[in-house]
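Colleague: Mind folding the following:
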Amino acid sequence: MKISSRFRYGLRFLVDLALNYGKGPVLLKNIAECEKVSKKYLEQIAISLRTAGLIGATRGLKGGYYLTKSPNKIKVADIYRILEGSFAPVECLDNPRLCALVRTCQTRKLWAELKNATKKVFRKLTLADLITKKP
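Modeller: Numbering: from 1, shown residues only. Prediction:
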């Protein structure tokens, strides 16, 4: 299973904001440089996170992005849902009508277990957990 760059970069963006939580807004330019990510790409990700209410932004000299909630209140599962949508590794789990083999597929149970295992891991982790664990 591969995790998209959108989620990976979005998570790193939020980890950076979590590390600066309570210290004021952080410039997107600084995060992009620190995380070695395109500023334009982070801007697109920021729109989704802002629309979902996870981050806020201020303009001006002391402007930038900030978390709207404490890092211990933001679950990795919520971030994944915002940036990726479903946890299903295959489309037929969310929409069985897409596959004519849904009733006889020998691998469907495996995909469902993978979906549930991923969701379980992501649900138990918060941004606070990520910033307190050593790499």
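
Colleague: Any stretches of the protein with poor pLDDT?
Modeller: Low-confidence segments of the chain (pLDDT under 70): 1, 134-135.

Colleague: what about the helices in the protein?
Modeller: Secondary structure of the chain (DSSP state H): helices at 5-19, 28-35, 39-51, 76-83, 108-124, 127-132.

Colleague: show me the contacts for the residue positioned nearest the centre of the chain.
Modeller: For the chain, residue 79 is the residue whose C-alpha lies nearest the centre (Cα atoms, centre = their mean; 3.3 Å). Applying Cβ atoms under 8 Å, 6 or more residues apart in numbering to residue 79 gives the contacts 7, 10-11, 14, 49, 54, 127. Glycine gets a C-beta too; all of them are placed from N, C-alpha and C.

Colleague: Could you pull up the contacting residues of residue 80?
Modeller: 7, 87, 122.

Colleague: Sorry, wrong one. I was asking about residue 31.
Modeller: Contacts of residue 31 (Cβ under 8 Å, 6+ apart): 13, 16-17, 37, 42, 65.

Colleague: what's the answer for residue 130, then?
Modeller: Counted by Cβ under 8 Å, 6+ apart, residue 130 has contacts 11, 15, 18, 76.

Colleague: Taking those residues together, which two end up most distant?
Modeller: 18 and 76 (11.3 Å; Cβ to Cβ).

Colleague: shared neighbours of these two, anything?
Modeller: 127, 130.

Colleague: What distance do you get for the residue lying farthest from the centre of the chain to residue 111?
Modeller: Using Cα atoms, centre = their mean, the residue of the chain lying farthest from its centre is residue 104. It sits 33.5 Å away. According to Cβ to Cβ, to the nearest Å, residue 104 stands 14 Å off from residue 111.
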